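>>> Sharing a model that was predicted from the sequence below.
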Amino acid sequence: MTDTHSLDNVRIVLVNTSHPGNIGAVARAMKNMCLSQLYLVAPRKFPHDEATWRAASAGDILDNAVVCETLDEAIADCHLVVGTSARERTVPWPLLNPRHCMEEVYREAGAGHRVALMFGREDRGLTNEELQRCNLHVHIPSNPEYSSLNLGMAVQVMAYELRMLQVAGELDANAMAEWDQPVAEAEALERYLVHLEETLYDINFLRAEAPKKLMLRLRRLYQRTRLDEMEVNILRGILTSTQYWVRKAKERGEDGGQEG
């Protein structure tokens, strides 16, 4: 019997799913491969009889599914967020195939880190903004002349790769387990990025007329750099100090103007 505990740290996140039957198919694919954590972000129809019917004997996955209003709510406490992407982006992001990506996921999950695998809408996948919340993007290299995969199939591909790693017991999580500080959760990193943008405006480094891709490139930098909790706190402390001295400088400038 294989240990399933590491896979308990992996959640499948479905964003704005249109068809309840697809939710049931995903539940079935998950249970086939020992995954149990299903998060649904603003599903169009759930709960629904068709979801239950398509899930077959995986009704417990649906019964325990966590329904969220927003993506932020679904991934806030995750340490690694992976988004499925079917198209090239204007700003390249770390992109892996399912096998290599799931190796990373399995390693992180084995170290006790919560991992989210995000899947988008049936008709258009994840938005650019949603993909920018991810540390990694994964692409299934299907037939370029017939590349369409339904949601259940896409989840099955990822879940199978995870299951094979579990059965083989190939990867060692010791390197991540020995990290001296916990890896920062997605919510903490997002708060830092918002703080960073505010500070860059305060010091006039970021301006309305500046290239719009600047924050996107900075986001990509920090998403691929696995910051721990202390590192995020240090960086936010630097930003807070920077904002303080900017305010002081502006106050001195205003006071000087009044005295003159």
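Nice, I can see it.
>>> give me phi/psi at Gly112?
In terms of degrees, to the nearest 10, the main-chain angles of Gly112 are phi 90, psi 10.
>>> Quick check: it vs Cys101, distance?
Between Gly112 and Cys101 the computed distance is 19 Å (CB to CB, to the nearest Å). Any C-beta I mention is one placed from the backbone N, CA and C, and that applies to glycine too.
>>> Settle it for me: which of those two has more neighbours?
In this view Gly112 and Cys101 are compared by other CB atoms under 10 Å, and Cys101 has more residues nearby, 23 against 15.
>>> any idea of the mean pLDDT for the longest helix belonging to the chain?
In terms of residue count, the longest helix belonging to the chain (DSSP state H) is helix 229-259. Per-residue pLDDT values across helix 229-259 average out to 85.
>>> If we go by neighbour counts, what in it is buried?
Of the residues in helix 229-259, those buried by neighbour count under the rule 16 or more other CB atoms under 10 Å are Val232, Leu235, Arg236, Leu239.
>>> so the third one touches Leu193, yeah?
No. Between Arg236 and Leu193 no contact is recorded; they are 10.5 Å apart, counting by CB atoms under 8 Å.
>>> would you turn the buried residues of helix 229-259 into CSV with distance to Lys31?
Conversion of those to CSV gives the following (distance: CB to CB, whole Å):
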residue, distance to Lys31
Val232, 36
Leu235, 41
Arg236, 41
Leu239, 44
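>>> residue ranges with poor pLDDT in the protein?
In the prediction, the chain carries residues with pLDDT under 70 at positions 1-4, 87-91, 170-179, 210-211, 254-260.
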